[in-house]
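Engineer: Structure for this input, please:
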Amino acid sequence: MVNEKFVSKGAASFTLNDDREKQVFYFLLLPKLTMLAFSSALEPLRIVNQLTQKEIYNWHILTPNNLPVTCSNGVVISPDTELENVQKNATIFVCSGVEPMFTADKQVISWIRRQHRMGSKFGGICTGAYALAKAGIIGASKFTLHWENQPGFIETFHDLLPTQSLFEIEQNLITCGGGSAATDMMLHLIEESLGRDVAVVVADMCIHKRVSGQKAPQKSSLSVALGSRNLHLISAIQVMTETVEDPLPLVKMCEILEISRRQLERLFKRYTQQSPIQFYYSLRLERAHALLNETNMSITEIATATGFNSASHLSRQFKAKYNISPTSFRKGWHLNLN
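Structural biologist: Numbering: from 1, shown residues only. Below you'll find the model as predicted:
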């Protein structure tokens, strides 16, 4: 008899004749996790069980201190088992979201390390890699996390460099960006375990168009994002992105790109409605915004990391763009966190 907790009824079906041992996944939910990424990982497992009417997958919800957690959208989720009940050699996905540097406390990090020593395999969903990095279990493995949080992550963990891929699957580490990247990751695991036909039907049930593979980028290319295939413009933005910490004078940039300053200014005005200098400033201020949000770096350190010659220079530009000073911005989210 099937367990109705894990096997729901539905109209669609898929015949899977071979009997196999069920796979158990644990999801450790941290405060302010993104519900979209969590449900995008969980639902494909439920759908496999529904389609086959077999208990192929089990899943359990874990939380810090075994207490309810509040998602980034305000929804509260309660655990269905305790951290102490997790078996050795388990597969555990850490689900995180906003302000990831501050949502995994010392007890959670110690628990992750202990489970890792006992042979558990870990995954990180959305910004879950933050907790895994703090626990020191990423090592030389390839990994990823949501693109929005990567600048802050790199500034915090200097020896770890995430990829831009939707997801990464290593022998003992499974990670993905946020949102529907979790669905792509799970569909890949389902295909590896149950075959392509099952994964295709599950994707159809999710009304989800699968990407070409785990190496697909999280963000659209610059040419798509800007609605342009102008190579000079794309190259200019790439140079700007790579030199946020040490901005180049426009004269030097034009030399690198082998175009005139007037050409560069026309391109940016046409496609971004900004001058090159304004666009460059925006990139740097967006990086500063991310570092304020995701790290404990001082404002002076952030100013240096984003190419401003002083904390006061950064503060003036930041307030002009966001209508709040960096200090007030940081105080505001610390209050919200507490």
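Engineer: Any idea which residue is closest to the centre of this structure?
Structural biologist: Taking CA atoms, centre = their mean, the centroid of the chain lies closest to residue 146, which sits 2.1 Å from it.
Engineer: show me the contacts for it.
Structural biologist: 126, 127, 177, 178, 179, 218 (CB atoms under 8 Å, 6 or more residues apart in numbering). Yep, even glycine has a C-beta here, placed from its N, CA and C like the rest.
Engineer: wouldn't residue 138 be in contact with residue 128 here?
Structural biologist: No: using CB atoms under 8 Å, residue 138 is not in contact with residue 128, being 10.9 Å away.
Engineer: More neighbours: these two, which one.
Structural biologist: The residue with more neighbours, out of residue 138 and residue 128, is residue 128; 33 against 21, by other CB atoms under 10 Å.
Engineer: Assign the closest residue in space to that one that isn't next to it in sequence to helix, strand or coil.
Structural biologist: Among residues not flanking residue 128 along the chain, residue 94 sits closest, at 3.7 Å (CB to CB, 6 or more residues apart in numbering). At residue 94 the chain is in strand, as set by DSSP: H, G, I helix; E, B strand; the rest coil.
Engineer: quick one, what contacts residue 94?
Structural biologist: Contacts of residue 94 by CB under 8 Å, 6+ apart are 28, 30, 104, 112, 122, 123, 124, 125, 128, 131, 132.
Engineer: what pairs with it across the strands?
Structural biologist: Beta bridges link residue 94 to residue 28, residue 124, judged by DSSP bridges.
Engineer: my read: residue 314 touches residue 307, true?
Structural biologist: No: Residue 314 is beyond contact range of residue 307, at 9.2 Å (criterion: CB under 8 Å).
Engineer: Tell me where this protein has strands.
Structural biologist: 23-29, 57-62, 69-70, 76-77, 91-95, 121-125, 167-169, 173-176 (DSSP state E).
Engineer: got a list of contacts for the last one?
Structural biologist: Defining contact as CB under 8 Å, 6+ apart, one finds that strand 173-176 is touched by 37, 41, 93, 121-126, 128-129, 132, 137-138, 141-145, 166-168, 182, 184-185, 189.
Engineer: And for residue 291, the neighbour number?
Structural biologist: 23.
Engineer: what does residue 267 give?
Structural biologist: The burial count for residue 267: 21, using other CB under 10 Å.
Engineer: what sits against it?
Structural biologist: 230, 232, 233, 236.
Engineer: and of these, the nearest to residue 65?
Structural biologist: The closest of these to residue 65 turns out to be residue 236 (CB to CB; 49.5 Å).
Engineer: now the residue nearest to that closest one when sequence neighbours are not counted: how far from residue 267?
Structural biologist: Using CB to CB, 6+ apart and skipping the chain neighbours, the partner closest in space to residue 236 is residue 257 (5.8 Å). Distance, residue 257 to residue 267, using CB to CB, to the nearest Å: 10 Å.
Engineer: Report the set of residues contacting both of those two.
Structural biologist: 232, 236.
Engineer: about what we covered before: for PyMOL, write the selection for the buried entries among the contacts of strand 173-176.
Structural biologist: Those of the contacts of strand 173-176 that count as buried under 16 or more other CB atoms under 10 Å are selected in PyMOL with:
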select buried, resi 37+41+93+121+122+123+124+125+126+128+129+132+137+138+141+143+144+145+166+167+168+182+184+185+189
